[in-house]
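A.B. asks: have a look; sequence and predicted model below, questions after that.
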Amino acid sequence: MVTNFISEKAIIGENVKIWHFSYVGDNTEIGDNVSIGSLAHIDYDVKIGENTRIEGQAYIPPLSRIGKNVFIGPAAVLTNDPYPMCNKMIGVTIEDNAIIGARAVIKAGVTIGKNSVVAMGAIVTKNVPENTVVIGSPASIRYSREEYDKKQRQWKES
C-alpha cells in the first residue's frame, strides 16, 4: 500500500500530482498544476506557485516561498536555519521561472531571482540575481539565463 501524508490543513490546488511516500505539512499552500515527486518533504507554512515541479527526495523546509513555473531537481535541499540549532528561522525564496538543479543546497534567507538557474550540486550562500546562472561551491555567477537558454536549444537540436 502506497501512502502519503498530506495535512488536512494544507491547501491543495487543482490538478496537483503528489507521488509516492511524500509529505505535505500544515498550512502549506500548493498552486494549480504542481507536481511533487516521490519521497519529497514539503514542510509546514510553505507556499508553492502554480505550474511548479518538485522532483523526488527534495526537501522544502518551513517558511519557503516558491514562485510559479519553478523546477526543483531531485534531492535539492532548501534550509531555514542559518545558525543551527536556533529557534529563529527564515525561509528561502525562489522567484518565478527559476530552475534548481539536482542536489543543490540553498542557505536559509537566500533569494533566487526570477529566471535564474542554480546548477546541480551548487551550494548557494548568497542571493542570486535575476536572469543569471550560478555554479559551484560556493556558487558564483557563470553566465546569463539567455546563454543558458541558447545552450539548451543547441542541446535539443543536436
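C.D. replies: Happy to help now that I have it.

A.B. asks: burial count for V34?
C.D. replies: For V34, the count of nearby residues is 24 (other Cβ atoms under 10 Å). (Each C-beta comes from the backbone N, C-alpha and C, glycine too.)

A.B. asks: again, but for the one 3 residues further on
C.D. replies: By other Cβ under 10 Å, 21 other residues sit near G37.

A.B. asks: what about it, distance to V124?
C.D. replies: Using Cβ to Cβ, to the nearest Å, we find G37 at a distance of 21 Å from V124.

A.B. asks: one more: N69?
C.D. replies: With Cβ to Cβ as the criterion, N69 and V124 are 19 Å apart.

A.B. asks: out of these two, which sits in the busier spot?
C.D. replies: Neighbours per residue, other Cβ under 10 Å: of N69 and V124, the larger number sits with V124, 26 against 16.

A.B. asks: pretty sure that one is touching I135, no?
C.D. replies: No. Applying Cβ atoms under 8 Å as the test, V124 and I135 come out as separate, 10.2 Å apart.

A.B. asks: what residue is smack in the middle of this protein?
C.D. replies: For the chain, I72 is the residue whose C-alpha lies nearest the centre (Cα atoms, centre = their mean; 4.2 Å).

A.B. asks: ok now do it, which residues does it touch?
C.D. replies: Taking Cβ atoms under 8 Å, 6 or more residues apart in numbering, we find I72 in contact with T52, R53, I54, E55, A58, I60, I66, I94, I100.

A.B. asks: helices - which of those residues land there?
C.D. replies: Taking DSSP state H, every one of the contacts of I72 sits outside helices.

A.B. asks: show me those that map onto strands.
C.D. replies: Taking DSSP state E as the definition of strands, the contacts of I72 contribute R53, I54, I60, I66, I94, I100.

A.B. asks: buried ones among those residues?
C.D. replies: Neighbour-count burial (16 or more other Cβ atoms under 10 Å) applied to the ones in strands among the contacts of I72 gives R53, I54, I60, I66, I94, I100.

A.B. asks: which residues does the second one form beta bridges with?
C.D. replies: Going by DSSP bridges, I54 is paired in beta bridges with I36, I72.
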